[in-house]
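Peer 1: turn this into a structure:
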Amino acid sequence: MKITALAGGVGASKFLLGLARVMPPEDITIIANTGDDIELFGLRICPDIDTITYTLAGEINEDNGWGLKGDTFECLRWLARYGEAAWFNVGDRDLATDIFRTNGLRSGRSLSEVTDFIRRSLGVRSTILPMTDAYTPTRVVTDEGEMHFQEYFVRRRCEPRVRAIQFDNIDSSEPAPGVLNSILESDAVIICPSNPFISIGPILAVPGVRESLRETRATVVAITPIVGGRALKGPAADMLSDLGHEVSASAVAEIYDDVLDVFILDETDYEQAADIQSLGMRVFSTDTVMKTLDDKQHLARLVLEMLNPFHDIGVTESGATSI
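Peer 2: Just a heads-up that it's a prediction; the model follows:
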C-alpha cells in the first residue's frame, strides 16, 4: 500500500514515526508544510521539514518535540552578543542543517533536492517532499498587526488574537515535483493530526493540491488534532476560536469537508460522530493521544486496518470503533 501524508508540526511527526514502524517506510511519501519557513541570520530555516526528518532519523529532541537531541545554543548566544535577535531557538547542530540548505539553494539546487539529500544523509527511508519549492511564508494578521508566523508563535507565544491567516506568494507557487503525482497515485492520503490553519492550510493552498485531493481515487483520511475541546500542542484551539469556529473535532472535519472520505476522532469526542457523519464521511473513534512509541504505532496500525477495503463496520483489531 502506497501512503501519502500531509504533515506539519509535532503531532504529525509523532504519527509518522509510528506509521514508519508498522509499514515499509519506503512506501510513505510525506508532503511537508513550508509555510513555517523563515529567513533569519541569512539562512533559510524550515522547521516542519526538519522536525519530520529528525524524528524519522531518531535524532529529534524528544523533550521539546523539535530540534536535535543533545544540541547546544552557543552560536545563538554569540549572535545575541552582536545584537542579533535571539528569540528563535535554533541549536548549533541544527544550524549546520540550515547552513547546508542555504548553501544548496544559493548554488541553484531546489528545496526539493536539498531536502532529499538531507533525509538520505540522515538515513530516512520515507520520501519527504516540500509542498512547494517557492518561499511562501505564513503571515498572521492579529489585533496587534501583521507578523510572520514564527514571530506570532515563538516570539509572542501566540498571545495576540488572530484575525486572519495569509500565505505570501502562494497564488504564484507551484507544487514541488512529485507532490501531485503522489496524491493521485497513492492508495491512501492521510492528513496528519496537525493544525488545520498553519500546518495543513498552506499545503492545501498551493495551486492544484486541493483539486488533486478531490480528484484522487485514494481514500483520504484525516486525524483530529483537537481532543476534548483542546489542542494537545500548539495554537490550533485558539485559532479555531479566534477565526469564528467551534473548538471541536467536528469543526476540523468541516474545514476538510470537500476532500475527506474518513475522519478519525478521539474516543472522548464520540458524541460528535453524528455531526461529522452528516458531512458525508465515515467516522472512526479511538484513543488518538500519542504519549509513547506504542501509542504512535497503535494509532498508525488502526489507520492501516481502517483502510483495509474488507473492513466495513465494527471494531478493528486495534480497538477502534467504526461508527
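
Peer 1: strands of the stretch 1-150 of the chain, start to end?
Peer 2: 3-7, 28-32, 38-40, 43-45, 127-130, 138-142, 145-148 (DSSP state E, counting those that start in this stretch).

Peer 1: I figured Asn61 hits Thr55, correct?
Peer 2: No: if you go by Cβ atoms under 8 Å, Asn61 and Thr55 don't touch, sitting 9.9 Å apart. Just so you know, the C-beta spots here come from the backbone N, C-alpha and C atoms, and that holds for glycine as well.

Peer 1: who's more crowded, the two?
Peer 2: Thr55 (23 against 17; other Cβ atoms under 10 Å).

Peer 1: ok, that one - contacts?
Peer 2: Counting by Cβ atoms under 8 Å, 6 or more residues apart in numbering, Thr55 touches Ser13, Lys14, Leu16, Leu17.

Peer 1: which of the residues you listed lies closest to Asp295?
Peer 2: For these, the minimum distance to Asp295 (Cβ to Cβ) is 8.2 Å, reached by Lys14.

Peer 1: and Ile183, what element?
Peer 2: helix 179-185 (DSSP states H and E).

Peer 1: hey, C-alpha coordinates of that helix in PDB?
Peer 2: What follows is helix 179-185 as a C-alpha-only set of coordinates in PDB (Å, rounded to 0.1, in the frame of the first residue of the first chain):
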ATOM      1  CA  VAL A 179       3.500  16.300  -5.000                       C
ATOM      2  CA  LEU A 180       0.500  16.000  -7.200                       C
ATOM      3  CA  ASN A 181       1.500  12.600  -8.600                       C
ATOM      4  CA  SER A 182       2.000  11.300  -5.100                       C
ATOM      5  CA  ILE A 183      -1.600  12.300  -4.200                       C
ATOM      6  CA  LEU A 184      -3.100  10.900  -7.400                       C
ATOM      7  CA  GLU A 185      -1.200   7.600  -7.400                       C
END
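
Peer 1: and that helix, how far from the chain's centre?
Peer 2: Centroid separation between helix 179-185 and its chain, computed with Cα atoms, centre = their mean, to the nearest Å, is 17 Å.

Peer 1: which helices and strands does that helix pack with?
Peer 2: Contact partners of helix 179-185 among helices and strands, from 3 or more Cβ pairs under 8 Å, 6 or more residues apart in numbering; DSSP states H and E: strand 28-32, strand 127-130, helix 209-215.

Peer 1: what comes up buried for the longest one?
Peer 2: Spelled out, that is helix 209-215. Val209, Arg210, Ser212, Leu213 (16 or more other Cβ atoms under 10 Å).

Peer 1: out of the strands of the stretch 1-150 of the chain, which is closest to Asp98?
Peer 2: Short answer: strand 43-45, nearest of these by Cβ to Cβ, at 4.3 Å.
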